[in-house]
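> Sequence unavailable; structure follows:
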């Protein structure tokens, strides 16, 4: 006897279990969040987010102190309430400064030249570059050079608020801490020039930055190396006049700096010979070092940021490689599909084509059914209306809705009902095979209807004694909803066009459960329908290939099936399909190393299935990820053109598939939306299947809700129960 207390505990436990998010949902969500975070970080450090490339035009100089305009290239505005100081470099001393780095190609060469000629310099680094190449920043510090701030994203600070200025500086310092374990008190504004170029727009920024404790460093000798005027001109521009000291502006990033490196090789020894010394800025000014060691939390924050930037770049590189792979796979698949589908259609539609003597002997049609009361009457009636002699066996797999009673009450000729306890679809099919009277077995789902000619078309290939199984042409019957229309496109293009290709390649991966036929001897040799996987149709097809049987496609054996009508139902179905396919691939993996027919399928069929049904769909969303990334962060126009190009290729394939199946092209109007929305759903489903497989999870059979609205074209509309969910029959 339970008490209120125990009931309360039980209810709380149930609520706790309900609130717990399954790992198969949690991991894709966390993966998506992490991926978006990495892409955002990558866009940030590559100046694709928060980048501001505006440059302030010259302004008046009314508010700039005279001593700044006429003073030296170092401005000290750190003392509040006191006039700013202007500092010059002593005679016969040169402070080489390099802006916009570090660059992975040119900065190491600049450092090599400085080391070779025993010179020191100041590198004003941007946070975007320093975070991507932290080892170069560390090398600068280790080799005795000074490092200064040049902001994070290189904006013109005269356009920015104090909040943005603080952000630029703090992020720049964060990177220095992570790369070299230091802070720096040196700052150079982007787009700065000589001290006399300071104006009413830039001076307030200099004052504010001075108040934060920074020395502002401009220059008084511009090499103009960014113009690439030639080595000789760079040297002439960088040479101080009359033995004066100078801060020389050069660049170690932002383009081809080969002339800068070549100029250093001549400039450094030449100026040494003239009595000049190349020193750090603080050394030249006789001031304490600009570097302050960073410890504790600030140090680890910097290291974490730099590490995250490295991870984001590597992930993006991997994604870019994956995009290249999927591009090749998509184009290759579409090319093969078009070429081989054309060859298949030309072969089977040719005047001289035939499988042999027409097959006329009766066949057994198996209909496994579990709670199919909405559909089963239409299914059985379509079989009885067949123009081919059939024995129909409905295997009731422990239905609780009276499915078997409905069939028995119809009193149709050549229709039998076999009842069993609920054991699953494979067990039901094996039970049906045991009760079958004929040597050709047709299998269909309980929510599917056949056209009168379907069975006849489906069994003709068995005139060829090498054929062990035949795949029919499954079509979506309830295509009047958006989800149904998307699945209709998928069935015509992604399934049936594929089957034509696989037919010619002799590696058909799946006999669809909705419409397929098997030679009984072939099923007996492989042990019947296996219960090892959730995709028993794929499993048995692979087993037949390995046993040496041919599996072919009969395009005119059409079956109309009721596709899922909600996202949840579609998710459940495709989740089972994806997971079952992975199980089947894993089960038959040994075929790769075997000989004979099994080895041929293992080395041809399995790679095709794995590549085009597992790997390619898993990578395909990268196209859309980069589409979104390119639209938001650029280059927008090129990104959209590239995506439209891929869409055009898909549209051509889809149009050809629709033409082969004699379908109306109007359904292709929803193709772009299908690519944006539907494919993402399939991606998440496949990812969830991967996670379930890798984590050792188990997936159970899931029953989809049916409405029973699908009928074969031309069939008489039977009396249906009135419902707001009714759909018009397929016509």
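Arrived safely, thanks for sending. The structure displayed is predicted, hence computed values, not measured ones.
> What ranges in the stretch 551-700 of the chain fall below the confidence cut-off?
Where the stretch 551-700 of the chain drops to pLDDT under 70, the residues are 618, 620-621, 633-635, 690-700.
> let me fix that: the chain
If you take pLDDT under 70 as the line, the chain has these spans: 1-29, 32, 47-50, 618, 620-621, 633-635, 690-731.
> What is the longest helix of it by residue count?
The longest helix of the chain (DSSP state H) is helix 296-348.
> what helices or strands is it leaning on?
helix 23-45, helix 127-132, helix 162-180, helix 497-505, strand 550-561, helix 616-619, helix 621-633, helix 636-660 (3 or more Cβ pairs under 8 Å, 6 or more residues apart in numbering; DSSP states H and E). Where C-beta positions appear, they are placed from N, C-alpha and C, glycine not excepted.
> how about those, which one is nearest residue 419?
strand 550-561 (24.2 Å; Cβ to Cβ).
> Distance from the helix or strand just after the closest one to the middle of the chain?
The first helix or strand that comes after strand 550-561 along the chain, using DSSP states H and E, is helix 567-587. Remark: helix 567-587 is offset 19 Å from the chain centroid, using Cα atoms, centre = their mean, to the nearest Å.
> For helix 567-587, buried residues please.
569-585, 587 (16 or more other Cβ atoms under 10 Å).
> For residue 533, give me its contacts.
Neighbouring residues of residue 533 by Cβ atoms under 8 Å, 6 or more residues apart in numbering: 539, 580, 583-584, 587.
> swap in residue 282?
Contacts of residue 282 by Cβ under 8 Å, 6+ apart are 146, 288-290.
> and these, which of them are in strands?
residue 146 (DSSP state E).
> Buried ones among the contacts of residue 282?
146, 290.
> With respect to residue 459, which of the contacts of residue 282 is nearest?
Checking the contacts of residue 282 one by one against residue 459 (Cβ to Cβ), the nearest turns out to be residue 146, at 84.9 Å.
> tally of neighbours for residue 280?
Other residues within reach of residue 280, judged by other Cβ atoms under 10 Å, total 21.
> tell me the strands in the stretch 1-150 of the chain, going along the chain?
Along the stretch 1-150 of the chain, the segments classed as strands by DSSP state E, counting those that start in this stretch run 74-76, 85-87, 93-101, 121-125, 146-149.
> For residue 480, which of these is the nearest?
strand 93-101 (59.8 Å).
> Residues touching the closest one, excluding its own?
89, 107, 110, 114, 119-126, 129-130, 136, 148, 150, 154, 188, 217, 219, 240, 245-254, 271, 276-281, 284.
> Paired strands for it, with orientation please.
Applying DSSP bridges, strand 93-101 is found paired with strand 121-125 (parallel), strand 246-251 (parallel), strand 277-278 (parallel).
> returning to that earlier point: can I get the contacts of residue 533 in TSV with distance to residue 44?
Below are these laid out as TSV (distance: Cβ to Cβ, whole Å):
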residue	distance to residue 44
539	48
580	42
583	42
584	44
587	46
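> quick one: which two of these are the most distant?
Across these (Cβ to Cβ), the longest gap, 10.2 Å, separates 580 and 587.
> Show me what secondary structure element comes after the longest helix of the chain.
strand 363-369.
> I'd like to know which elements that following strand is packed against.
Looks like strand 363-369 contacts helix 376-384, strand 390-397, helix 425-435, strand 440-443, helix 454-459 (3+ Cβ pairs under 8 Å, 6+ apart).
> make it 10 Å
helix 376-384, strand 390-397, helix 403-410, strand 415-420, helix 425-435, strand 440-443, helix 454-459, strand 516-519 (3 or more Cβ pairs under 10 Å, 6 or more residues apart in numbering; DSSP states H and E).
> And for the spatially closest residue to residue 42 that is not a sequence neighbour, the neighbour number?
Closest residue in space to residue 42, ignoring its immediate chain neighbours: residue 312 at 4.3 Å, by Cβ to Cβ, 6 or more residues apart in numbering. Around residue 312 there are 23 other residues, counting by other Cβ under 10 Å.
> what residues are up against residue 312?
Residues near residue 312 by Cβ atoms under 10 Å, 6 or more residues apart in numbering: 35, 37-46, 131-132.
> Just give me the closest of those to residue 366.
Looking across the contacts of residue 312 and measuring by Cβ to Cβ, the closest to residue 366 is residue 35, at 45.0 Å.
> tell me the contacts of the closest one?
Counted by Cβ under 10 Å, 6+ apart, residue 35 has contacts 312, 315, 319, 625.
> got the contact list for the residue with the largest distance to the centre of the chain?
Relative to the C-alpha centroid of the chain, counting by Cα atoms, centre = their mean, residue 242 is the outermost residue, at 61.8 Å. Residues counted as contacts of residue 242 (Cβ under 10 Å, 6+ apart) are residue 91.
> got it, and residue 284?
Listed by Cβ under 10 Å, 6+ apart, the contact set of residue 284 reads 74, 87-90, 93-95, 120, 122, 245-247, 277-278.
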